[in-house]
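structure for the following, please:
(chains A, B and C)
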Amino acid sequence: MADLQWPPAANRHLIGKSISRIDGPWKSSGTAKYSYDMNPPGLLYAKMVTSPYAHAKITAIDTSAAEHAPGVHAVHLFTAVGKEVTCEGQEVAAVAADTEEQAEDAARLVRVEYDELPYLVADTDPTHAGAGNFRQNSEETQGNPTQGFQQAEVVSEGEYGLPVITHCCMESHGSVAQWDGDKLNVWLSTQNVSGQGGEYAQGLSNAGINFSASNLHVDCQVMGGGFGSKFSADTWGVAAAVLAKKAGRPVKLMLDRNVELLVAGCRPSMHGKIRVGAKRDGTLVAWESQSWGTGGVRGFGVPPIPYIFDIPNYSRTHANVLTNIGAARAWRAPNHPQMCYLTMTALEDLAAKLGMDPLDFFLKNIALTGERADYYKQELQQAAEMIGWKQKWHPRGDKTPGSIKRGLGLSIHTWGGAGHQGFCRTTIHPDGSVEVATGSQDLGTGTRTVIGIVAAETLGLPLEGVQVEIGDTKYPPDGASGGSSTVGGVTSSTRVAATDALNQLLAKVAPSLGTTPDKLEAAQGQIRVIGDPSKAISWKQACAKMGATPIVAQGQGGSRGPGRALISAGVGGAQMAEVSVDVDTGVVRMEKMVAVQDCGLVIDSKTAESQVFGACIMGTCYALHEEKIMDQQTGTCLNPNMEFYKLGGIDDIGDIVVHFMTDPMYENRGVIGLGEPPVVSPGAAISNAVANAIGVRVPELPMTPDRVLAALGKGGQA
Amino acid sequence: MRPFEYGNPSTVAQAVALLGPQWDEAAVLAGGTDLLSLMKDYIVSPKRLVNIKNIRALGGVREEKAGLRIGAAVTLEELYEHPGPLGRYPALRTAIEGVSSPQMRGMGTVGGDLLQRPRCWYFRNGFGLLARNAKGQPLVPGGDNRYHAIFANSGPAYFVCPSSLAPALVTLGASVRLEGPKGARELPVAQLFQIPKDANEREHAIAPQEILAEILIPASAASTRNATYEVRERQFMDWPLATASVALRLEGREVRQAQIVLGEVAPTPWRAEAAERELAGKTLDEAAAARAGEAATQGAHPLSRNGYKVQLVRVAVQRALLAAIA
Amino acid sequence: MPDQDERHDSPESEGSDGEAGSDQKPSKGFSRRQFIKGTGLAVSASVFATEGLLKAAAPDQAGAGVEGPGAVKVQLRINGQLRQLQVEPRVTLLDALRNRLDMTGAKKVCDRASCGACTVILDGRPVYSCTVLAIDAQGKSIETIEGLAPKGTLHPVSQAFVDNDAQQCGFCTPGFVMAVKAYLDKHPHPTADEVKASLNGNLCRCGTYMGVRQAVLEAATKMTRKGGRA
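Just a heads-up that it's a prediction; the model follows:
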């Protein structure tokens, strides 16, 4: 009988190896078809009409000119007269026409009248936000903060913050919708293939279209990035279906880039005034913070700080400032980069005030990180080794002559990453071919590849011996790809299903090998007797013995299924950054990052490494460049484009070295998600490195030249 | 983008005839990297585009006695592929390299670089070149002006000249030839740019029916020590935060004459005359370069968020000077 | 972008620029609050205006007529094949490829010459096809990723992207591959620094730059070893 447990390291042929993603050729040859690329016959193009105002009441809508414009087949309203729009870019109407140009022309003919209403778009603190524009969400204390600060021999105070940024997925949000009688096919750019039925049923019902979720077919073979912003089909997803129904033709509705940046992505800002105190020997004793941030008009949660370090005495408050900007969406590791940034920078400032090496300071207090203290300690030591911390670190302010100063910074982070619930179906055909199918999705993380690796490893086949099918509601449902839950979810469901299928096969084959199934194993393309490789038949021969009916097994993944022993949750990571700063221009360059990460059992070290590379790069972008810039005078976003919504290019990124903690202590925990944790630390690590280089904290991200020069007292913002 | 008609003339005269006396009638299409984006955003909506890329007379890079003649429709990449001439104008070469995207260099033309519209995000978001609200009040002083002008910014213009090549070309004493219905005229590059005094003026001293045909860098410029320094936040295609181009006539290390022109800090390329005076007759070393950098900031009036540009001017001038004598 | 025009309510914003067109111009002092979104008749009015202009210009200038604004015949040589289409002059090469010819390898991302996802090769040079008019690409050699390698095979650049995991979501990848191909065609032996400089016109959001750097160097080695390029 095949064992459900992950094979020990010595018996792994594929798991943990460096394997190229199996859909790589499809993508790099340009033949992969994304939702945006779907052009079914008769396709109509839809364009949206959106609010130019941050806050306004709609007083009139007239679509008649648009309806009669050349090529127009259908018009849809997202809202109605008398309703309010609460941010610029909010959807008002959509028009479907024969060509994209006609759709845009017609959208401009939709007449909408507004009464402007008061708005707040500035990322401001509660005292300047104005009454009614903020919610004091929490006030918490632990221990006795007053006494804690009395014990503290050194206290550091500072203000820290990071702005609203957007997801800026390369493929904008949207879909192509096509009706086939009562059935609706949608090519939706989504990180939640299996979870769309309810939203479509509700949305279509609201539009007066009777629809049952069982008639929804979602197809998303590849998608151009989500990062947490593409769980929902959104109103524009439903609108494509409504327009398609009205027009009797398929409709493509993808957001224009400006709308994408205005409403389809928002990581809330977070700012805080922080005091933190320690004894002279570095022992942390007290924390006090007043933090706030904005994630749009509905606010966004309460991110608790201090992050990771459970300082015995603290008091903290957090307020949500309510602004008329596109609403918050989960952004890769929601809240963690913000909490990490505010905490790790404040702690590093305290270390500097103590005159301590921050590495020593972090290690001194490592017990405050709780149950994973040993992991953090090992990871910090590993990272320090890799970046040469002991050789390169210097007290604040690089004293070498010249305008280029170098510095080192560090940070640690955590994440859950438990595999989500989902189902996988493994089919073994009599000709020996194998199909593994689940309604999951690939956000670019390598979902297909990890499924293939687990199935092939389980069945003793080469990777090419299994065909992986995902991204379609015709396959067993899988969870949404959020919270770094996919790799745990699909590997556990795949392992369960493939093991079950293999055991069915072993039962059929055992008699011909003169033994019982429990004595058999699948390895190297054979079914063979354990301990006696001479008694073996090839996989193909074995499958030929099953008869005409394929073997089918369905496995449940996630913490509620039988595969729960295959996964767990909770990871730590440590990152160190080396930067150079031109103190005469304020230009910062990330020269090198070292990322040490645990994620339990690594399935594919190549795509896993890519996740961490990508996270460090994304982190460098928000540390140095990215910012959604709002104009309070007009309520307008000033940079809803990729020219001034700045991302780093290939030449803006230094060297990155990744290390996975794979000792048995880590690996024996099973599979844990990886996508999010490594994006948490870069902002803090790079900021700390800049402070180390130039001798002063640049309190706000992104650390653009104006902010760096301001911190240096050489100009910049008043 | 609104529909438009498309003309594809093969001579300058044909092209001029296709243009109209008003800006909204017709626009010249060269590389299109700025114009088409403006049209997609409905910031400009000409009814006709006149493609000038197939006009032979607007192409080519020629070295003549008078100097280096660059057809206005020559792309930045084509110009860059003339290493010989560019070797004498490192100020220009560095400016081209600053347009760091190969695609942009391969599409964008020298003329288009000079005539591109300001990147001011109020202008690009539909608030007009002078960036005003419905009541006619300027938005830049009270808004996010981190990328706006620190010189000549008392209104009505607050934008900065976006041309990457203009500071170098002005420094080198280059001129342009404009072709219009009444024939040709020549203009120093410096005079191609103007600060609009009101809403009816543009930032270029070119008429709607004129075509920028050629850029001439005088032969005398080749004997200057010249250089450009750009302060850049990113290596990726991006606008410099501040640029300084310098051209020096030296005797030994003594400066006989200095031309210093700043970019990205004023509505036009900005001549740093105080810095030029500061240098004249002095031996150029690090200290003199620093003094010139300081002098270049004379007259700067930063807005609420762009004070850092004063420091960037200081450094850019200093570094450009040192690069010129390196 | 139907929400742009009516911002031209500032007194100076019209006039010489012709921005937004006089047909949409609100009178001075008109407040934004009273504005009407995407006012009517804009498109057809501008069509009439251009027709008038066409008639005025065409007779005097033999050989320099104008086409459009309606759909005109455009002939494109794409990957060595001549393709005929009927498009308005305003249609970009990217939209012609994607919407008219179902060649969807080039992606629409920024649509403003800022990100590189739409990169194709025009007469040997990489360009942003979102910002090239289809009508302007006539008579030129257009290489798209669809023509990079025979069906079922991979160009060495595409292969190197696979081998070095130089792609995640893959949406920027065809643009990167074409930019790399264009670069290596002219610079077969790049240094690591040159590779970085050659890709300053392409953005990736997933953060695949580490793999891309390796992939380009590896592709360069393999392509020169083979003594030729596909």
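
in the stretch 201-326 of chain B, what residue comes closest to chain A?
Across the stretch 201-326 of chain B, no residue is closer to chain A than B:Phe236, which sits at 2.8 Å (Cβ to the nearest Cβ). The C-beta positions use only the backbone N, C-alpha and C, and glycine is treated the same way.

contacting residues for the residue in the stretch 51-200 of chain B that chain A sits nearest to?
Closest to chain A within the stretch 51-200 of chain B is B:Trp121: 4.2 Å, counting by Cβ to the nearest Cβ. B:Trp121 makes contact with A:629, A:638-639, A:644, B:144, B:147, according to Cβ atoms under 8 Å, 6 or more residues apart in numbering or on different chains.

how about A:Val176?
Residues counted as contacts of A:Val176 (Cβ under 8 Å, 6+ apart) are A:35, A:38, A:40, A:43, A:186-187, A:240, A:250-253.

what strand or helix carries it?
strand A:174-180 (DSSP states H and E).

what confidence value was assigned to the nearest residue to A:Val297 once chain neighbours are set aside?
Taking Cβ to Cβ, 6 or more residues apart in numbering or on different chains as the measure, A:Val297 lies nearest to A:Thr86, with 4.7 Å between them; neighbours along the chain are not counted. A:Thr86 is assigned 98 on the pLDDT scale.

tell me how far A:Thr86 lies from A:Tyr53.
Going from A:Thr86 to A:Tyr53 by Cβ to Cβ, to the nearest Å gives 9 Å.

which secondary structure element contains B:Leu262?
Here B:Leu262 is covered by strand B:254-263, with elements defined by DSSP H and E.

alpha carbons of that strand, as PDB, please.
The C-alpha atoms that make up strand B:254-263 are tabulated as PDB, following Å, rounded to 0.1, in the frame of the first residue of the first chain:
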ATOM      1  CA  GLU B 254      40.900  77.700 -16.900                       C
ATOM      2  CA  VAL B 255      37.400  78.400 -18.000                       C
ATOM      3  CA  ARG B 256      37.200  80.900 -20.800                       C
ATOM      4  CA  GLN B 257      33.500  80.400 -21.400                       C
ATOM      5  CA  ALA B 258      30.900  78.300 -19.900                       C
ATOM      6  CA  GLN B 259      27.400  77.400 -21.000                       C
ATOM      7  CA  ILE B 260      25.300  75.700 -18.300                       C
ATOM      8  CA  VAL B 261      21.700  74.700 -19.000                       C
ATOM      9  CA  LEU B 262      19.300  73.000 -16.600                       C
ATOM     10  CA  GLY B 263      16.500  70.600 -17.400                       C
END
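
show me the contacts of A:Val176 that map onto strands.
The members of those that map onto strands under DSSP state E are A:186-187, A:251-253.

distance to chain C and pLDDT for the residues you listed - can I get that in TSV?
Converted to TSV, the ones in strands among the contacts of A:Val176 look like this (distance: Cβ to the nearest Cβ, whole Å; pLDDT from 0 to 100):
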residue	distance to chain C	pLDDT
A:Val186	18	98
A:Trp187	12	98
A:Val251	13	99
A:Lys252	9	98
A:Leu253	13	98
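
could you save the residues you listed as JSON lines and add columns showing neighbour count and distance to A:Asp398?
Written out in JSON lines, the entries for these read as follows (neighbours: other Cβ atoms under 10 Å in any protein chain shown; distance: Cβ to Cβ, whole Å):
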{"residue": "A:Val186", "neighbour count": "28", "distance to A:Asp398": "55"}
{"residue": "A:Trp187", "neighbour count": "27", "distance to A:Asp398": "53"}
{"residue": "A:Val251", "neighbour count": "31", "distance to A:Asp398": "58"}
{"residue": "A:Lys252", "neighbour count": "27", "distance to A:Asp398": "53"}
{"residue": "A:Leu253", "neighbour count": "30", "distance to A:Asp398": "52"}
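
returning to what we had before: mean confidence for the strand holding B:Leu262?
Model confidence over strand B:254-263 averages 97 on the pLDDT scale.

how far off centre is that strand?
The offset between the C-alpha centroid of strand B:254-263 and the centroid of the whole chain comes to 17 Å, using Cα atoms, centre = their mean, to the nearest Å.

one more: stretch B:62-76?
17 Å.

kindly check the end-to-end length of that stretch for me.
The separation between the terminal residues of stretch B:62-76, taken as Cα to Cα, to the nearest Å, is 15 Å.

buried stuff in it?
Of the residues in stretch B:62-76, B:67-76 count as buried by neighbour count, 16 or more other Cβ atoms under 10 Å in any protein chain shown.

hey, where'd the strands end up in the stretch 101-250 of chain B?
If you assign secondary structure with DSSP state E, counting those that start in this stretch, the strands in the stretch 101-250 of chain B sit at B:175-180, B:183-188, B:211-218, B:225-231, B:242-251.

tell me where chain C has helices.
Secondary structure of chain C, counting by DSSP state H: helices at C:42-57, C:93-95, C:156-163, C:173-186, C:192-198, C:209-225.

backbone dihedrals for the residue of the stretch 101-250 of chain B at minimum distance from chain C, both of them.
Chain C sits closest to B:Ala199 of the stretch 101-250 of chain B, with a gap of 2.1 Å, by Cβ to the nearest Cβ. Note on B:Ala199: its backbone torsions stand at phi -70, psi -20 [degrees, to the nearest 10].

same thing with A:Ile165?
Here is the backbone geometry of A:Ile165 (degrees, to the nearest 10): phi -130, psi 170.

sec struct for A:Ala608, please.
Taken by DSSP: H, G, I helix; E, B strand; the rest coil, the conformation at A:Ala608 corresponds to helix.

residue contacts, it?
For A:Ala608, the contact set (Cβ under 8 Å, 6+ apart) comprises A:599, A:602, A:660, A:674.

count of neighbours near the first one?
Under the neighbour criterion other Cβ atoms under 10 Å in any protein chain shown, A:Cys599 is assigned a count of 30.

out of everything not next to it in sequence, what's closest to it?
Of all residues not flanking A:Cys599 in the chain, A:Leu674 sits nearest, at 4.1 Å (Cβ to Cβ, 6+ apart).
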